[in-house]
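Chemist: I need the structure of the sequence given here:
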Amino acid sequence: MGNSLELIAVVSGAACVAGLLLAVVALVGTRRPAGPGPGAGPGLGRLWRGSGATPAERHAYQTLLLAAVVAGALAFLLTGLPVVGLLVAVAVPGAPWLFAVGKAEQRAIARIEAVGEWTRRLKDVSGTGQGLQQAIISTIGSVPPGIEDEVRLLAARLQAGWLARSALLAFADEIADPVCDQVVAALILHLTDRGERLGDVLGSIAGAAAAEVATRREIEAKRTQPRFAVRFLTGMTLATLAYGLVNTEYIKPYGTPTGQVVMAALGAAFIGLLAWVRSMSQPQRPARFLPAPDPQEVIA
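Modeler: As a prediction, the model looks like this:
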């Protein structure tokens, strides 16, 4: 009888935490733009597949979701407090998100630098008299790290018969940065007017990209202190949660229904504070000016 009750408690705790976690994920959503994505679909199937663009991203998302449910259920089993289980479940995906503050911007800066280097190489290749499409394909072997996949995909689309304009717009959409938009805009204009100053324009854009990289790196250096605060607060929060799980006397005052409500309110307020501090340390996303490619105008 005792084993049955323990089994029921474990299953109930897991179901409770899973339900609360799924509700949080459904309400918060993702940072991706609205619209159907790789994980599009109704109900729990869409939530389980996530919005990852690649199989590896979707697998990592599913693994993290399962780890959150399991950790939340174990925390509930250890303490008997459902709010502790929910907080632990939220901490599993939340901690990496908070500790990784600034990494997205660093990757964006590295991609801009790579776009600038690729633009210089494209300028040199196009100066040999090759056509634009052939010049793009010729740069595959010397693509700088960070945009290799995007440039190879661009070349593959051109070789597969895509309209050059649509392939270039898709390339800009994948890089998703106004610096790349400038490069693609110059290439698209060259497709229409066949001007002889393409090399000069690409050289100017590459120089502007280098200046943009220098500016963003300077701004990133000034954001070090608030990002350290985010990581420090995250570490203190995880330490507090771990201490509460090990020493149940620490969280015993929250064992009543009123205590659970207070714990939930304090936890929500603290999570909101961490998210707010993190948002303050993030730069505004630069606005783009090129449209997405039209699916009806892809193949020539």
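Chemist: Ramachandran coordinates for Pro293?
Modeler: The main-chain torsion angles of Pro293 are listed as degrees, to the nearest 10 and equal phi -70, psi 150.
Chemist: and after the helix or strand hosting Cys180, which helix or strand comes next?
Modeler: Assigning secondary structure by DSSP states H and E places Cys180 in helix 178-193. Towards the C-terminus, the helix or strand next in line after helix 178-193, according to DSSP H and E, is helix 198-222.
Chemist: I'd like to know which elements that next one is packed against.
Modeler: Using 3 or more Cβ pairs under 8 Å, 6 or more residues apart in numbering; DSSP states H and E as the contact criterion, the secondary-structure elements in contact with helix 198-222 are helix 103-126, helix 178-193. In short, each C-beta sits where N, CA and C put it, glycine included.
Chemist: For the first one, give the mean pLDDT please.
Modeler: Looking back up the chat, that one is helix 103-126. Helix 103-126 comes out with an average pLDDT of 87.
Chemist: What number of residues are in the vicinity of Thr234?
Modeler: When neighbours are defined as other Cβ atoms under 10 Å, Thr234 has 21 of them.
Chemist: Please give me every residue in contact with Leu78.
Modeler: The contact partners of Leu78, taken as Cβ atoms under 8 Å, 6 or more residues apart in numbering, are 245, 248.
Chemist: Just the pLDDT for Lys222.
Modeler: Looking at Lys222, its pLDDT stands at 79.
Chemist: hmm, back to that, residues of the helix holding Cys180 that come out buried?
Modeler: Within helix 178-193, the residues scored as buried using 16 or more other Cβ atoms under 10 Å are 178-188, 190.
Chemist: about what we covered before: out of the helices and strands packed on helix 198-222, nearest to Ile251?
Modeler: Across these, the minimum distance to Ile251, taken as Cβ to Cβ, is reached by helix 103-126, at 32.6 Å.
Chemist: Buried residues of that closest one, list them for me.
Modeler: Burial within helix 103-126, assessed by neighbour count using 16+ other Cβ under 10 Å, is assigned to 105, 108-109, 111-123, 125-126.
Chemist: Pull out the C-alpha coordinates of that helix and format them as CSV.
Modeler: Output in CSV follows, covering the C-alpha atoms of helix 103-126 (Å, rounded to 0.1, in the frame of the first residue of the first chain):
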residue,chain,number,x,y,z
LYS,A,103,26.1,35.4,-26.6
ALA,A,104,23.5,36.1,-29.3
GLU,A,105,24.9,39.6,-29.8
GLN,A,106,28.5,38.3,-30.0
ARG,A,107,27.4,35.8,-32.6
ALA,A,108,25.7,38.6,-34.5
ILE,A,109,28.8,40.7,-34.4
ALA,A,110,30.9,37.7,-35.7
ARG,A,111,28.4,37.2,-38.5
ILE,A,112,28.6,40.9,-39.5
GLU,A,113,32.4,40.6,-39.6
ALA,A,114,32.1,37.5,-41.7
VAL,A,115,29.7,39.3,-44.1
GLY,A,116,32.2,42.1,-44.5
GLU,A,117,35.0,39.7,-45.3
TRP,A,118,32.9,37.7,-47.7
THR,A,119,31.9,41.0,-49.4
ARG,A,120,35.6,41.9,-49.9
ARG,A,121,36.2,38.5,-51.5
LEU,A,122,33.2,38.8,-53.7
LYS,A,123,34.5,42.2,-54.8
ASP,A,124,37.8,40.7,-55.8
VAL,A,125,36.2,37.8,-57.6
SER,A,126,33.7,39.9,-59.5
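Chemist: What lies in contact with whichever helix or strand comes after that helix?
Modeler: Toward the C-terminal end, the helix or strand that comes next after helix 103-126 (DSSP H and E) is helix 132-138. Under the contact criterion Cβ under 8 Å, 6+ apart, helix 132-138 has outside partners 122, 125-126, 128, 130, 151, 154-155, 158-159, 164, 187, 190-191, 198.
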